[in-house]
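In: coords please:
(5 chains)
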Amino acid sequence: MVILPVDQGFEHGPARCFASNPDAYDPRYHFQLAIEAGCNAYAAPLGFLEAGVTDYCGDIPLILKCNNHDVLNDEPDPLSAITSWVDDALRLGCVAVGFTIYPGSTERITMYEQLRTLTQEAKAAGLAVVVWSYPRGSSISKEGETAIDVVTYAAQIAAQVGATIIKVKLPSARVELAEAQKVYQQYEIPISTLADRVRHVIQTTFNGRRIVIFSGGATVADEQFFGEVRAIRDGGGFGSIVGRNSFQRKKPEALKFLDTIIGIYEGSVR
Amino acid sequence: MVILPVDQGFEHGPARCFASNPDAYDPRYHFQLAIEAGCNAYAAPLGFLEAGVTDYCGDIPLILKCNNHDVLNDEPDPLSAITSWVDDALRLGCVAVGFTIYPGSTERITMYEQLRTLTQEAKAAGLAVVVWSYPRGSSISKEGETAIDVVTYAAQIAAQVGATIIKVKLPSARVELAEAQKVYQQYEIPISTLADRVRHVIQTTFNGRRIVIFSGGATVADEQFFGEVRAIRDGGGFGSIVGRNSFQRKKPEALKFLDTIIGIYEGSVR
Amino acid sequence: MVILPVDQGFEHGPARCFASNPDAYDPRYHFQLAIEAGCNAYAAPLGFLEAGVTDYCGDIPLILKCNNHDVLNDEPDPLSAITSWVDDALRLGCVAVGFTIYPGSTERITMYEQLRTLTQEAKAAGLAVVVWSYPRGSSISKEGETAIDVVTYAAQIAAQVGATIIKVKLPSARVELAEAQKVYQQYEIPISTLADRVRHVIQTTFNGRRIVIFSGGATVADEQFFGEVRAIRDGGGFGSIVGRNSFQRKKPEALKFLDTIIGIYEGSVR
Amino acid sequence: MVILPVDQGFEHGPARCFASNPDAYDPRYHFQLAIEAGCNAYAAPLGFLEAGVTDYCGDIPLILKCNNHDVLNDEPDPLSAITSWVDDALRLGCVAVGFTIYPGSTERITMYEQLRTLTQEAKAAGLAVVVWSYPRGSSISKEGETAIDVVTYAAQIAAQVGATIIKVKLPSARVELAEAQKVYQQYEIPISTLADRVRHVIQTTFNGRRIVIFSGGATVADEQFFGEVRAIRDGGGFGSIVGRNSFQRKKPEALKFLDTIIGIYEGSVR
Amino acid sequence: MVILPVDQGFEHGPARCFASNPDAYDPRYHFQLAIEAGCNAYAAPLGFLEAGVTDYCGDIPLILKCNNHDVLNDEPDPLSAITSWVDDALRLGCVAVGFTIYPGSTERITMYEQLRTLTQEAKAAGLAVVVWSYPRGSSISKEGETAIDVVTYAAQIAAQVGATIIKVKLPSARVELAEAQKVYQQYEIPISTLADRVRHVIQTTFNGRRIVIFSGGATVADEQFFGEVRAIRDGGGFGSIVGRNSFQRKKPEALKFLDTIIGIYEGSVR
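Out: Numbering: from 1, shown residues only, chains lettered A, B, ... in the order given. Just a heads-up that it's a prediction; the model follows:
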């Protein structure tokens, strides 16, 4: 499963996202990229979907990102704003809604309760729910945000609230919480390779009974990215969300890049 | 009455809970354990119940834990997030809803009012309400959380809000509050043995007209645990909630452990 | 009018309230006491009423205390939690709802607005509203809570929000607020005796067009209590709420005690 | 237009308001006073209106004061509590609702939004809306509360939110805000006499297309008060709200006092 | 597109806005000015529209400004009060609603969520939505409020929440955020002339697929203003909102001034 997400215009500002490939300022560009690359879905906030849905609806499954956060005031304990909802998703012909939670933020209770309501309404309407579960907040160090115990904890929370598809960042081998550290050492949980850690994420998220996909994060060298995809595949992960690494380059290159990723998952590329 | 509760994946994180018995990462495992052990009920958050209910519904009474708290940001005055509700419990075929309150937290008013609403809706729907009443907050010392006066106060609050089944921790002989201390001394209330204290909890909770069950807490040696169960029985307690002490060991051992507990309550084991 | 109120289990904790007379741990005890003593009404929170209403409904008018406050976290500016409402009162066959406000607390606006809603719904349902109006908060000294100007101000607020029965503490001759002090001196308002002060409370609460009753507070010697009752009678007060002074002693003594109080009001006792 | 407002029992406490004329403790007194004096309307909170409406309804137009503030906790940034609403006003046969806003308070957004809702519902029900617009808050000095630029700003806000009748205090010649001061000097806006200032208030409140009335404030000498009334008349103001200056004296004197005021407006008194 | 907006009476106070042209205190004046000048629309808060709509409805498209902010308490992180809504706009025969957001304010989440709800309801009712997107808050410097990266970010947010017409201030060549600065330098984005910057705003706001108009701000010399209009035209902007520069001068001058602006857009003036 490979998903194209484009919410960075809201999350980071337009020029930071699209200046390297100005065609991407146009909302229609991302529909075209996702369709031509053969992605499984395209995810974006309300404005971007509304600006292209009449032309491309039906050509690719759409995910409406229902909450968003900007960095014009980058508080240590973030809360996203609800910018759309299930009724918008139905009107736009989407197959799923997306929602971000920040476990670790002092505002997390609000987010969990919003997610609970969204999940209930989405399921009743026949929509899937994709949760971006990103640990962040005043009580977590920057490195801790991708620590293996924190990432698995964040995935567990999303699963317990009822999410069926969960998106986390690729975890590091760091263990952040003291109480967790004791357990990782005592039971010698294998987390040294990236594939080990992907496998552990899948295990800890209802032992594979929930779909977990992984995000690439900031732009990295292609070979490193392909290596990460292989680790996701080898660890039993369900797929990738590929945003900035794809739409921040020219379309021919992006198509080639996404084709390689899909090939790795499908087995046609090693 | 012996209940298997498994909300620790949310409350403490997955590896801390399940690494000692990795089968327990799988939500179906706990249904099976509770059924095979002959527990009176199995209690868990939405995600864990949804992941197994189609296979096991009807084989064991289910309790939906409707709010949850995580420790990724472990504030001194905790508030749990509402993660499910009465309508979910009905959809999943549960017999009861569960809810945690933290008397002593500055956020307690929110929790009491949520519990009041939950209780009203649950009773109207024919569901029982099980309240986890755990004193916690900036105004209570760690030892005070299990002090006999604080535990009985917490049980009283739950009963006055309308709960019919109340779960508290086994109290110590400590008396925390100065005003209460005067009364315990003046009237020489017997609280020296664990059975005395269980009896006092039952007495102070509407003199036995409400069901009070006791939780085991962290993993302890089996003989100690069995001793506590005998004290609950001797003091007139209604039963135990046994979580980590059961599911954190391999299933055959867990079944034997739970069998002994049930035997103590039924009189077949001394 | 003599009312038996038993909300101290929630307000102060069970042992502090009932250890001196352990029969009182049982919710049925208070129904029986109020009925046998011939009280005009029995007031208690949801749990206590639900636990006895099927046996005693119809034998005594019931008042459901709809909000409650505990002292496990005793903040300087208190807010009570809503623990029941008009619909509960109707289901339980009550004749009135009770509600506490704390004028002087920074949280008072929330309480006034809750009371306004409660009053409106209660009146529409044909229920009376009894307001416990207790000045408290960071801006009022301990002595100020019973100062004559503060008590009359608190009664005035309750009356203006629409309460028909108002319960205040017996006021002292202290005048707390500087602006009020000028007026009490200039117009030489008589407040030296308790009967004077009761008369002033009745006058300032719509000149006798609202029912004001007085609470006894902590346990005091019987003769002092009877003296206070005579002052309420002589000052034109409408009656007493007698809680701890009655249920914290054995029933025979309590019945005799309440009989004397009722006698004072009825004129059969001097 | 001369209105009798009696909300000071809530705003300042009963003895401060009524001790100088104890008849005024009785809610019926104010109906009688307003009727006998020939006032255009009588305004009071819920409790005072409910206590007399059955006797006097139909004899004088009534204004229900829908929010109120007390000084038992006199915070620098006040917010009034909503104590009644449009449905109460209809039930009591009122012709208008009254509402206080405190421009300058950090809580003002809540008040503006409440006023917006009240205004919309009141207009739909055929009721007029009288706004008490009183600048107050941590950012405004005591003198600034009656500064000409601040008073006109407060009236403008009330008018823009949709009020049709606006009550402000008589402004002083002080200009509070630096940005405003530049304009008052540059354009030499006449504000030296009270009549000038009244004229300026009327001009700045939609150039006379909204009704603005003025309140007297604390008790002052009669001649001073009559002088202010003449200034309101000469400056084109629409009338006075006369509270403490009327009901804090004996009724015969109050009737004479109000008669003089009405005479000044009608031209029968100079 | 040239729009006349008059919300400064609320935003800055009446004298600061209208003293230079006292005719403008009258709400009817602005209808007349906008109609005679041939503006595309007139935008104002509820009070100003209600005061003239019966006379001028149908003569010019109206935009109801649904939230407003005053400076009587000028907090660093502003939030506007909702002063009217879609139902008012329909009742007044408006073609659009207007709404201000302050990206950068700690209160922005509330505003984004209000805008989301407004947008959804307005679209359902067939009304356009005009968003005033003004970066402001404790984390942004005064100069940063008009920095090119901040202005484009603010426009992007409004577009993603679903706005169809977005109003921003004319941006400066300053780049505020460090992360953005890297991108502007690396890709050498042209922002040196005002026309460049207008072009960049249009590009970053869905590449021209959303209508962006520019506000003039404080009063400036006419030639400077006309130069700005030419830059908006040359950069592909959709039009101007002209408030204080038009209504703060006598009507004949204002008509001439607006005529020149319209001429520049239409090509009849260079």
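In: could you point out where chain A is predicted with low confidence?
Out: For chain A, the stretches with pLDDT under 70 are A:217-218.
In: quick one: A:Asp222 and chain E, what's the gap?
Out: According to Cβ to the nearest Cβ, to the nearest Å, A:Asp222 stands 19 Å off from chain E. (Each C-beta comes from the backbone N, C-alpha and C, glycine too.)
In: so who does that residue touch?
Out: By Cβ atoms under 8 Å, 6 or more residues apart in numbering or on different chains, A:Asp222 lies in contact with A:Phe257, A:Thr260.
In: At which residues are the strands of the stretch 151-270 of chain A located?
Out: Along the stretch 151-270 of chain A, counting by DSSP state E, counting those that start in this stretch, strands occupy A:165-169, A:211-215, A:240-241.
In: So which of the ones you listed is the most surrounded?
Out: Ranked by mean neighbour count, those are led by strand A:240-241 with a mean of 26 (mean count of other Cβ atoms under 10 Å in any protein chain shown).
In: how far does it sit from the chain's center?
Out: 7 Å (Cα atoms, centre = their mean, to the nearest Å).
In: With stretch A:78-88 instead?
Out: Counting by Cα atoms, centre = their mean, stretch A:78-88 comes out at 16 Å from the chain centroid.
In: Any part of it near chain B?
Out: No - Stretch A:78-88 stays clear of chain B (Cβ under 8 Å from any Cβ of the partner chain), getting no nearer than 12.2 Å.
In: Chain C is nearest to which of the strands of the stretch 151-270 of chain A?
Out: Proximity to chain C (Cβ to the nearest Cβ) singles out strand A:165-169 among those, at 35.2 Å.
In: Okay, and the beta partners of A:Ala81?
Out: Judged by DSSP bridges, the bridge partners of A:Ala81 are A:Asn68.
In: all helices of the stretch 1-150 of chain A, in order?
Out: A:8-11, A:14-18, A:27-37, A:46-50, A:53-56, A:86-91, A:108-124, A:148-161 (DSSP state H, counting those that start in this stretch).
In: picking that back up, want to try JSON lines for the strands of the stretch 151-270 of chain A, with distance to E:Ile101 as columns?
Out: Converted to JSON lines, those look like this (distance: least, Cβ to Cβ, whole Å):
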{"stretch": "strand A:165-169", "distance to E:Ile101": "28"}
{"stretch": "strand A:211-215", "distance to E:Ile101": "28"}
{"stretch": "strand A:240-241", "distance to E:Ile101": "28"}
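In: can you list those in CSV and add distance to chain C?
Out: Below are the strands of the stretch 151-270 of chain A laid out as CSV (distance: least, Cβ to the nearest Cβ, whole Å):
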stretch, distance to chain C
strand A:165-169, 35
strand A:211-215, 40
strand A:240-241, 43
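In: how many other residues sit next to A:Leu92?
Out: 17 (other Cβ atoms under 10 Å in any protein chain shown).
In: Oh, that last question was meant for A:Val131, not what I typed.
Out: 27.
In: doesn't A:Gln114 make contact with it?
Out: No - in this structure A:Val131 lies outside contact range of A:Gln114 using Cβ atoms under 8 Å: 11.2 Å.
In: Quick check: neighbours shared by the two?
Out: Joint contacts of A:Val131 and A:Gln114 (Cβ under 8 Å, 6+ apart) are A:Phe99.
In: Show me what the spatially most central residue of chain A is bridged to.
Out: Geometric centre of chain A, nearest residue: A:Lys167, 4.1 Å, by Cα atoms, centre = their mean. Assessed by DSSP bridges, A:Lys167 has beta-bridge partners A:Trp132, A:Ile213.
In: OK, contacts around it?
Out: Per Cβ under 8 Å, 6+ apart, neighbours of A:Lys167: A:Val130, A:Val131, A:Trp132, A:Ser133, A:Val212, A:Ile213, A:Phe214, A:Ser215, A:Ile241.
In: what about it, distance to A:Ile232?
Out: 12 Å (Cβ to Cβ, to the nearest Å).
In: Name the residues contacting each of these two.
Out: Going by Cβ under 8 Å, 6+ apart, residues that sit against A:Lys167 and also against A:Ile232 are A:Phe214.
In: and the residue in chain A sticking out farthest from the centre, how far is that from B:Ser20?
Out: Computed with Cα atoms, centre = their mean, the maximum C-alpha offset from the centroid of chain A is found at A:Gln186, amounting to 31.5 Å. Per Cβ to Cβ, A:Gln186 is found 8 Å from B:Ser20.
In: Number of residues surrounding A:Leu62?
Out: By other Cβ under 10 Å, 23 other residues sit near A:Leu62.
In: so what's the backbone phi/psi at the spatially closest residue to it that is not a sequence neighbour?
Out: Take A:Leu62 and drop its neighbours on the chain: the residue closest to it by Cβ to Cβ, 6 or more residues apart in numbering or on different chains is A:Cys94, 4.3 Å away. Dihedral pair for A:Cys94: phi -80, psi 160, per degrees, to the nearest 10.
In: in terms of contact, does A:Cys94 touch A:Lys65 like I think?
Out: No - counting by Cβ under 8 Å, A:Cys94 sits too far from A:Lys65 to count as a contact (10.0 Å).
In: Return the nearest residue of the stretch 101-250 of chain A with respect to chain C.
Out: Counting by Cβ to the nearest Cβ, the stretch 101-250 of chain A gets nearest chain C through A:Ile109, at 17.8 Å.
In: is it true that that residue touches B:Pro78?
Out: No - A:Ile109 lies out of contact with B:Pro78 (Cβ under 8 Å); the separation is 9.6 Å.
In: Now do the contacts for the residue of the stretch 101-250 of chain A closest to chain C.
Out: A:Ile109 touches B:Leu79, B:Ser80, B:Ala81, counting by Cβ under 8 Å, 6+ apart.
In: Go through these and say which is closest to chain E.
Out: Nearest member of those to chain E, counting by Cβ to the nearest Cβ, is B:Ala81, at 17.8 Å.
In: Pull the number of nearby residues for the residue lying closest to A:Ala89 once chain neighbours are set aside.
Out: Nearest residue to A:Ala89, sequence neighbours excluded (Cβ to Cβ, 6+ apart): A:Leu64, at 4.2 Å. By the measure other Cβ under 10 Å, the count of residues near A:Leu64 is 31.
In: what do you get for the one 5 residues further on?
Out: Other residues within reach of A:His69 by the criterion other Cβ under 10 Å amount to 21.
In: And for it, nearest residue in space, chain neighbours not counted?
Out: Distances taken as Cβ to Cβ, 6+ apart place A:Ser80 nearest to A:His69, at 4.2 Å, with adjacent residues excluded.
In: Now do the contacts for the one you found.
Out: Contacts of A:Ser80 (Cβ under 8 Å, 6+ apart): A:Asn67, A:Asn68, A:His69, A:Thr100, A:Tyr102, A:Met111, E:Ile109.
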